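[1] Give me coordinates for this.
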Amino acid sequence: MSNDITDNPLALDTASATAVTTKVFTVSKIRWVYEGAVAGDNVIITDNGGITKFETVASGANYVESETFEPPIVFAGLKATTLAGGKVYLYVASSIPIQT
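    Just a heads-up that it's a prediction; the model follows:
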């Protein structure tokens, strides 16, 4: 599988130091779902400037965590710098089209 930024929510399943997109957009919710997680697995999502926008550590198997942002947070680009596994869903709040 590979990262998919063609729909809402954006779906990330591959870590990379390379930007998934360089567009500016807002996110109202981020959700990490990882069935095969073990305690200590983690995810770090940043913008292109390296600013951490979401970071968490799994506490065990079948890990699910979500965070809602009110107001939505602004991303200036998107990277999943660390992703132990599973999928991260980013629910785009802005009407700015997301494309690479």
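[2] who does the top strand by length along the chain pair up with?
    As assigned by DSSP state E, the longest strand anywhere in the chain is strand 63-83. Using DSSP bridges, strand 63-83 pairs in its sheet with strand 21-34 (antiparallel), strand 42-46 (antiparallel).
[3] Adding mean pLDDT, write those strands out as CSV.
    Formatted as CSV, these follow (pLDDT from 0 to 100):
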stretch, mean pLDDT
strand 21-34, 95
strand 42-46, 98
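[4] Let me have the ones you listed in JSON lines, extended by mean neighbour count and distance to Asn3.
    Every residue, glycine included, has its C-beta placed from N, CA and C. Output for the strands paired with strand 63-83, formatted as JSON lines (neighbours: other C-beta atoms under 10 Å; distance: least, C-beta to C-beta, whole Å):
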{"stretch": "strand 21-34", "mean neighbour count": "19", "distance to Asn3": "9"}
{"stretch": "strand 42-46", "mean neighbour count": "20", "distance to Asn3": "11"}
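[5] CSV for those strands, including distance to Thr6?
    Below are the strands paired with strand 63-83 laid out as CSV (distance: least, C-beta to C-beta, whole Å):
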stretch, distance to Thr6
strand 21-34, 11
strand 42-46, 18
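[6] and of these, who's closest to Asp4?
    Nearest to Asp4 among the strands paired with strand 63-83 is strand 21-34 (11.3 Å), distances taken as C-beta to C-beta.
[7] Tell me how far the closest one lies from the chain's centre.
    5 Å (C-alpha atoms, centre = their mean, to the nearest Å).
[8] ok, now stretch 52-63?
    When distances are taken as C-alpha atoms, centre = their mean, stretch 52-63 is centred 11 Å away from the chain's centroid.
[9] end-to-end on it?
    Taking C-alpha to C-alpha, to the nearest Å as the measure, stretch 52-63 stretches 21 Å from start to finish.
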